[in-house]
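Participant: okay, here's the prediction I keep looking at, along with the sequence it came from:
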Amino acid sequence: MQSIPWPERFVDLKRQIVEATPDYEQRLTESWKDLLQELDRRTTDIAEAGPDYIPQVQYKDLATLSAEQINIIRRKGTVVIKDVVDDGEALGWKAALEDFIKANPHIQGFPEQDKQFFMLYWTRSQVQARAHPNVLKASAWLNNLYHVKSGKPLEGVDLSVPLVYADRFRIRHPGPGWTNFPPHVDGGAIERWEDESFRKCYADILSGNWRAHDPYELEGRLDARSSLYGRPGQATIFRSFQGWLAMSEAAPTQGTLRVFPDLMLSNAYTILRPFFRPTVPLDSEDILKPESWVFDISTPDFPGILVLENGFTGPRPTPEQHPHLMLEKTMTSVPKVNPGDMVFWHCDVVHSVEEEHTGTGDSAVMYIGAVPQTPMNTEYVKKQAETFLAGINPPDFVKDKPNTGYVGLGVDADVKEPIARIAMGLPIQVA
């Protein structure tokens, strides 16, 4: 339950956003009704298909996928890429991480009494995995799903040059109790509406033409500020796709990722929801009917965004506040993966982690997203490289305790290939 009230200035923000559109109330209301009807159709398809709805491709086939296959990946916003690295190499990384954990019992992680999600960024396994040429080439392929509508060249941007964003890993044990990751979207909370550059990414939605929205239009994202309030753990970099690399088998019900696999619809609904309110109780049997909702910009709240003392978090859509997403039925587990497979989801995709792991072995993944070369990202990677060489936490994350040292961190010499050194912001080694 949200305990901190919304600042009244957000009433002005809502008005400022919509008043840029002529006849905004009529246009947005018509667009909202059209969206709800499309959601009704599409959520039924998603719920019936289950994990089969998520596209799967082989790493070796990325360069030869058909236009139809690529469009399906774009629309659903999630893809499983099989056999990015060899099984044995991925299993070796997991074994090395387990050794690292034993050698460094003071590491930060949760749950505190049985650590499974680790606040570690520079172990040798993580550094080697991010530096793997196949991982970087898969990232570049994903980055190139984006484009610039205007066609004009953008200074300092090269989608074929992948960069590295250091993140964490988990080795999850069987059992219930993972409630830290309900349905949510990363990469900015209230910033989606408050930051003018970020808001441009959703301009078609906010002007009453959600069907024209392009989640892969790059230009608006280059200067989008996803962290206006400096909250630790809020990514300031632009990740085209978030992702992870499997170090074990993981199947549906075994603590894996779940997604809402229709990027256009979830974006449109999330962005428009704060401008509409229900005229019936949220638990009413009529809540899904378009006529049960009206345009309203008289309140400052943005449903799905939580107000914190140090900023905002979210979006976190819920069945109560976002009923048309039908989250209980549409949050879809990704298909079974093997060690060396990777899962990627667009930076705007609603995703969660299964609360229960019903399997018999660990479900282990390293978080490795796809990051394109842009001016903002390049600047971050330069700062991140300094933290790597110093063995301290990256800029976006909470600083480690003073004088915390670890045995077995990755070092500069672990990053050998030129593609990896560029991605890490390290100078190219001359033979």
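Facilitator: Nice, I can see it. Since we're looking at a predicted model, the values are computed, not measured.

Participant: now Leu327, nearest residue through space, not along the chain?
Facilitator: Among residues not flanking Leu327 along the chain, Pro319 sits closest, at 5.2 Å (C-beta to C-beta, 6 or more residues apart in numbering). (Glycine included, C-beta is placed from N, CA and C.)

Participant: what's the local residue count around that neighbour?
Facilitator: Other residues within reach of Pro319, judged by other C-beta atoms under 10 Å, total 14.

Participant: any chance you could map the strands in the stretch 301-431 of the chain?
Facilitator: 306-308, 311-313, 332-333, 342-346, 351-353, 363-367, 371-373 (DSSP state E, counting those that start in this stretch).

Participant: for Asp158, what are phi and psi?
Facilitator: Backbone geometry at Asp158, expressed as degrees, to the nearest 10, gives phi -150, psi 110.

Participant: that one reaches Pro372, doesn't it?
Facilitator: Yes. At 7.4 Å, Asp158 and Pro372 qualify as touching, with contact defined as C-beta atoms under 8 Å.

Participant: more crowded one of the two?
Facilitator: Using other C-beta under 10 Å, the more surrounded residue of Asp158 and Pro372 is Pro372, with 27 against 14.

Participant: right, and that one touches Leu154 too?
Facilitator: No. Using C-beta under 8 Å, Pro372 makes no contact with Leu154, being 10.5 Å away.

Participant: ok, back up a step: save the strands of the stretch 301-431 of the chain as JSON lines, and put in distance to Glu38 too.
Facilitator: Below are these laid out as JSON lines (distance: least, C-beta to C-beta, whole Å):
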{"stretch": "strand 306-308", "distance to Glu38": "28"}
{"stretch": "strand 311-313", "distance to Glu38": "28"}
{"stretch": "strand 332-333", "distance to Glu38": "18"}
{"stretch": "strand 342-346", "distance to Glu38": "19"}
{"stretch": "strand 351-353", "distance to Glu38": "21"}
{"stretch": "strand 363-367", "distance to Glu38": "32"}
{"stretch": "strand 371-373", "distance to Glu38": "30"}
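
Participant: deepest-packed of these, please.
Facilitator: Each of these was scored by mean neighbour count; the highest is strand 342-346, a mean of 27, by mean count of other C-beta atoms under 10 Å.

Participant: mind listing what it pairs with, with the direction of each?
Facilitator: strand 78-82 (antiparallel), strand 241-246 (antiparallel) (DSSP bridges).

Participant: the helix or strand just after the last one: partners in the sheet, and parallel or antiparallel?
Facilitator: Toward the C-terminal end, the helix or strand that comes next after strand 241-246 (DSSP states H and E) is strand 257-259. In its sheet, strand 257-259 lies beside strand 332-333 (antiparallel), strand 351-353 (antiparallel), with partners assigned from DSSP bridges.

Participant: which elements pack onto the next helix or strand after strand 257-259?
Facilitator: As assigned by DSSP H and E, the chain's next helix or strand after strand 257-259 is helix 263-272. On a contact count with 3 or more C-beta pairs under 8 Å, 6 or more residues apart in numbering; DSSP states H and E, helix 263-272 meets helix 24-49, helix 67-76, helix 191-194, helix 203-206.

Participant: thank you, goodbye.
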